[in-house]
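>>> Let me see the structure of the following:
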Amino acid sequence: MSVMPDEGPRTSADYIALDDRWGAHNYHPLPVVAATALGSWITDVEGRRYLDCLAGYSALNFGHRHPLLVAAAHAQLDRLTLTSRAFHNDRLGPFMEDLAALTGTERVLLMNTGAEAVETAIKISRAWGYRVKGVRADRAKIIVASGSFHGRTTTIVSFSDDPQARDDFGPYGPGFVTVPYGDAAALAAALDDDTVAVLLEPIQGEAGIIVPPAGYLAEVRRLTASTDVRRRSSRSATIHKHATTSGRTDRASSRSRTVTRPRWRLRWTTTRWRYCSSPSRARLGSSCRRLGTSPRCAG
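All right, here's what the predicted structure looks like:
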């Protein structure tokens, strides 16, 4: 039986009732039913407007329906929708080259979700440990931080200390050791010959936007390099939850904060989106200002 009215316009309450009736109760959204959006602003089914400060957990850092992104997506859909990895295509190689240059990495492996990226980082780290470092079979250890959030897969919740993410999903996978976030001494004490990676958030998001102590990440890099351990960051090219990419920390990624300046930023003007690369706008707060009667910067 439908929970929707037979006649008349559908309200936010109607759509929320549909979600509640037919959807699995794995999330508790705010009572806002978005219908349209542009830039930083969302309009619900009753016509109320909201300033979107969530930005799709940073997937929408450039704003809703950014005209450059919409045009690029439309142009691509008009010429080729999907090839899968069974074939090469004329977009993937150039994109990965640009992304590697932007992030300062040797190679790129694209993922659909943040959890998938972390799972893959775990697999790569363990394989490196066994094939290169010489760790004995099934002994690889990955050090993680308390208060972390890297996803909700069964492997990842095995090292979560959040009861909401972890409870009732055991038995949990082995191979992870938890140390306090921001405690370099505790990390140093946990390192041993079986350690193949240290998995950290540059800034903890789910725990409450926890910024590490000054010098902590540099010390992690020094410790892992001196003990031949590869560091893994949970949010590099993946944009979700506590992402620290796309200029959110004033850099292309938080990984590059001490070595590179921002290459670009996009901001809204009264007529169009445009690039803004002025050094005076290196701080995110200074670029997110109201420009006359135009919407606020969606950065």
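>>> Beyond the helix or strand where A189 lies, next helix or strand please.
Assigned by DSSP states H and E, A189 falls within helix 184-190. As assigned by DSSP H and E, the chain's next helix or strand after helix 184-190 is strand 195-200.
>>> Can you name the element that comes right after that following strand?
For strand 195-200, the following helix or strand on the C-terminal side (DSSP H and E) is helix 216-226.
>>> Which strands and helices lie in contact with that following helix?
helix 184-190, strand 195-200, strand 230-233 (3 or more CB pairs under 8 Å, 6 or more residues apart in numbering; DSSP states H and E). C-beta here means a position set from N, CA and C on the backbone, and glycine is covered the same way.
>>> about what we covered before: which of the residues in the helix holding A189 are buried?
Buried residues in helix 184-190, counted by 16 or more other CB atoms under 10 Å: 184, 187, 190.
>>> Go through the helices and strands packed on helix 216-226 and name the closest to R139.
Of all the helices and strands packed on helix 216-226, it is strand 195-200 that lies closest to R139, at 9.3 Å by CB to CB.
>>> quick one: buried residues of the longest helix that the chain contains?
Scanning the chain for the helix with the most residues, using DSSP state H, yields helix 114-128. Neighbour-count burial for helix 114-128 flags 114-115, 117-119, 121-122, 125-126, 128 (criterion: 16+ other CB under 10 Å).
>>> next one: stretch 46-59
Buried, per 16+ other CB under 10 Å, within stretch 46-59: 52, 55, 58.
>>> Now the terminal residues of it, how far apart.
Counting by CA to CA, to the nearest Å, you get 25 Å between the two ends of stretch 46-59.
>>> correct me, but L51 touches T43?
No: in this structure L51 lies outside contact range of T43 using CB atoms under 8 Å: 11.3 Å.
>>> Now do the strands in this structure.
Under the criterion DSSP state E, the chain contains strands at 34-38, 41-44, 49-51, 141-145, 176-179, 195-200, 230-233, 266-268, 273-275.
>>> closest to M96 out of these?
Closest to M96 of these, according to CB to CB: strand 230-233, at 18.1 Å.
>>> which helices and strands sit right next to the longest helix of the chain?
Using 3+ CB pairs under 8 Å, 6+ apart: helix 114-128 touches strand 141-145, helix 154-157, strand 195-200, strand 230-233.
>>> Let me have these in JSON lines, extended by distance to I209.
Output for these, formatted as JSON lines (distance: least, CB to CB, whole Å):
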{"stretch": "strand 141-145", "distance to I209": "14"}
{"stretch": "helix 154-157", "distance to I209": "20"}
{"stretch": "strand 195-200", "distance to I209": "15"}
{"stretch": "strand 230-233", "distance to I209": "17"}
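>>> quick revisit: from the buried residues of stretch 46-59, pick the one nearest G170.
Among those, S58 lies closest to G170 (CB to CB), at 30.7 Å.
>>> So for I210, which of the helices and strands packed on helix 114-128 sits nearest?
Smallest distance to I210 across these (CB to CB): 9.4 Å, for strand 141-145.
>>> mind giving me the domain ranges of the protein?
Domains of the chain are assigned by automatic domain parsing as 12-71, 113-236.
>>> Redo these as JSON lines? Include mean pLDDT and distance to L99.
Shown next, in JSON lines, are the domains of the chain (pLDDT from 0 to 100; distance: least, CB to CB, whole Å):
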{"stretch": "domain 12-71", "mean pLDDT": "94", "distance to L99": "15"}
{"stretch": "domain 113-236", "mean pLDDT": "89", "distance to L99": "10"}
